[in-house]
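Undergrad: sequence-free structure coming up:
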């Protein structure tokens with residue numbers, strides 16, 4: 001059977017049910033407010049329905065969350081009317097009437113995507129452009145029109161804002177801004193602003209960091225930004241099966257103010273309260289949930305403790321994420337080895353196939369990881385799950401294993417091969433008894449390389465809700481919390497070192513004794 005044909009049964013492992021009956025999946029984007037709102041909705045549904053609530057948070061930006069909702073990978077998440085208007089629907093006309101935006105968005109979502117916008121939470125979280133008070137006083141900045149009179153200002157914008165039409169491109173065109181705009185993680189942009197490395201950052205009107213850093217917010221004096229009222233967006237199919245979802249979420253309608261969200265975001269971003277704990281505190285205060293709900297063990301509460309104490313306190317969460325990370329890496333490298341090694345054997349006899357296979361494997365390596373993950377979640381049978389992550393890692397692991405297999409088989413000394421022919425061995429016997437044993441060390445070196453690469457790339461799986469040690473890294477970047485970043489990065493680095501060492505032992509065990517002796521002599 002062709003090695004490529006192995007993909008069919010192997011990829012069948014990825015098939016399976018996406019969701020069990022009686023389950024509702026709540027999603028969120030990767031910034032703190034979205035995660036808090038996801039917890040608010042999830043806790044309320046857990047309290048007042050019999051549904052099993054799953055959480056798929058930290059799903060990157062609008063495109064991933066919206067795509068996951070349309071594909072049925074999640075059932076609801078909190079979206080903003082202005083984002084839906086400009087980014088999802090691609091509407092470019094300027095509007096200031098929040099009711100018009102909401103009604104137009106709700107109608108378009110229902111007709112185009114079979115998605116329902118429920119009543120808004122009650123607050124608006126619009127974009128703002130901020131600077132330090134010192135810089136504002138120095139340049140006389142009070143409005144965005146003032147900023148337009150200072151060409152060459154350096155802006156540190158979040159990556160999504162940098163590309164959105166209701167973000168940096170549209171803003172620059174609307175005001176005639178001439179900015180040196182740089183993309184960076186939103187939380188890190190504040191550090192760059194305070195350090196004087198940038199002059200402007202994009203912020204949110206409910207951003208807790210505005211309280212922490214006491215920044216000057218420039219007025220949108222020419223009304224560029226559309227209204228951004230937050231509301232639950234739910235699959236219509238779910239509401240048809242479980243109308244109680246809409247009834248329960250209606251308890252949140254028009255109950256959350258801007259001050260409420262600023263306080264919630266501040267508690268999470270600055271005070272170190274966990275997302276679930278912050279959401280539970282709000283709902284408990286409103287009498288919407290009871291005390292009995294367990295909410296503190298959500299793996300995000302940080303507090304003012306040392307890294308060692310913090311790491312010990314979350315050891316259970318770390319072990320769980322480590323197990324997920326090992327599973328993602330092990331399965332992807334195993335699949336790659338099962339395909340790449342037999343394929344490399346075939347390529348050793350067929351130069352045309354070698355060029356084709358190595359060309360494909362090399363092309364797969366050139367695709368940016370996040371772009372590949374975003375593409376794969378739209379593929380039927382993969383979706384927003386570990387299957388997409390494993391398939392992406394499988395593609396990245398192919399090249400080093402395949403290239404080393406081809407190289408190792410081609411490096412068999414000609415005199416040894418000639419001697420094998422001379423004693424009457426067939427081509428197949430020469431392959432099995434001579435070429436493969438001599439190539440074992442090179443092949444396993446490729447497996448080791450693929451494994452180390454996979455451990456690192458697997459941290460990005462958290463962007464599509466596939467778990468692993470990327471979760472605390474991404475959350476730590478969002479919250480600018482070094483301890484959370486290290487809580488994911490250090491175990492991932494240790495895992496890569498341990499995996500490489502174990503495979504090194506396996507390499508030495510499987511290498512023919514003569515080659516081991518010769519290798520030892522070469523090193524001495």
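TA: Alright, I've got the coordinates. Quick caveat: nothing in here was measured; it's all calculated off a predicted structure.

Undergrad: next, the contact list for the spatially most central residue of the chain, please.
TA: Taking CA atoms, centre = their mean, the centroid of the chain lies closest to residue 463, which sits 1.2 Å from it. With contact set as CB atoms under 8 Å, 6 or more residues apart in numbering, residue 463 has these partners: 30, 58-60, 64, 370, 373, 470, 474. Every C-beta, even on glycine, is put in place using the N, C-alpha and C of the backbone.

Undergrad: minimum pLDDT in those, which residue is that?
TA: Least confident of the contacts of residue 463 in the model: residue 370, at 69.

Undergrad: can you give me phi and psi for residue 251?
TA: Reported as degrees, to the nearest 10, the phi and psi values for residue 251 are phi -70, psi -20.

Undergrad: how many neighbours does it have?
TA: Residue 251: 13 surrounding residues under other CB atoms under 10 Å.

Undergrad: distance check, it against residue 242.
TA: 16 Å (CB to CB, to the nearest Å).

Undergrad: over to residue 505?
TA: In terms of CB to CB, residue 505 sits 53 Å off from residue 242.

Undergrad: neighbour count for those two, which is higher?
TA: More crowded of residue 505 and residue 242, by other CB under 10 Å: residue 242, with 20 against 9.

Undergrad: tell me the contacts of the more buried one?
TA: Contacts for residue 242 (CB under 8 Å, 6+ apart) come out as 24, 49, 51.

Undergrad: now do it against residue 23, distance only.
TA: Residue 242 is 10 Å from residue 23, by CB to CB.

Undergrad: spit out the residues that contact the two alike.
TA: When contacts are counted by CB under 8 Å, 6+ apart, the set common to residue 242 and residue 23 consists of residue 51.

Undergrad: ok, back up a step: confidence score at the residue nearest to the centre of the chain?
TA: 76.

Undergrad: what of residue 504?
TA: In this model, residue 504 is scored at 87, pLDDT.

Undergrad: that one reaches residue 448, doesn't it?
TA: Yes. Using CB atoms under 8 Å, residue 504 is in contact with residue 448, at 6.8 Å.

Undergrad: between the two, who's got more neighbours?
TA: Neighbours of residue 504 and residue 448, each counted by other CB under 10 Å, are more numerous for residue 448; the result is 22 against 13.

Undergrad: domain-wise, how is this structure divided?
TA: 20-124+228-301, 127-218, 316-523 (automatic domain parsing).

Undergrad: what's the closest of the ones you listed to residue 310?
TA: domain 316-523 (4.9 Å; CB to CB).

Undergrad: let's have the domains of the chain in CSV, adding distance to residue 307.
TA: CSV is the format used below for the domains of the chain (distance: least, CB to CB, whole Å):
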stretch, distance to residue 307
domain 20-124+228-301, 13
domain 127-218, 18
domain 316-523, 5
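
Undergrad: what's the longest helix in the chain?
TA: Secondary structure of the chain read by DSSP state H shows that its longest helix is helix 315-349.

Undergrad: which elements pack onto the helix or strand that it is followed by?
TA: Using DSSP states H and E, the helix or strand that follows helix 315-349 in sequence is helix 351-366. Applying 3 or more CB pairs under 8 Å, 6 or more residues apart in numbering; DSSP states H and E, we find helix 351-366 packed against helix 315-349, helix 386-410.

Undergrad: shaky segments in the chain?
TA: 1-21, 292-305, 370, 384, 417-418, 420, 426, 428, 431-432, 512-524 (pLDDT under 70).

Undergrad: as a check, name the ranges of all strands in it.
TA: 23-27, 52-56, 76-80, 115-117, 127-131, 153-157, 179-183, 200-204, 216-218, 230-235 (DSSP state E).

Undergrad: done for today, thanks.
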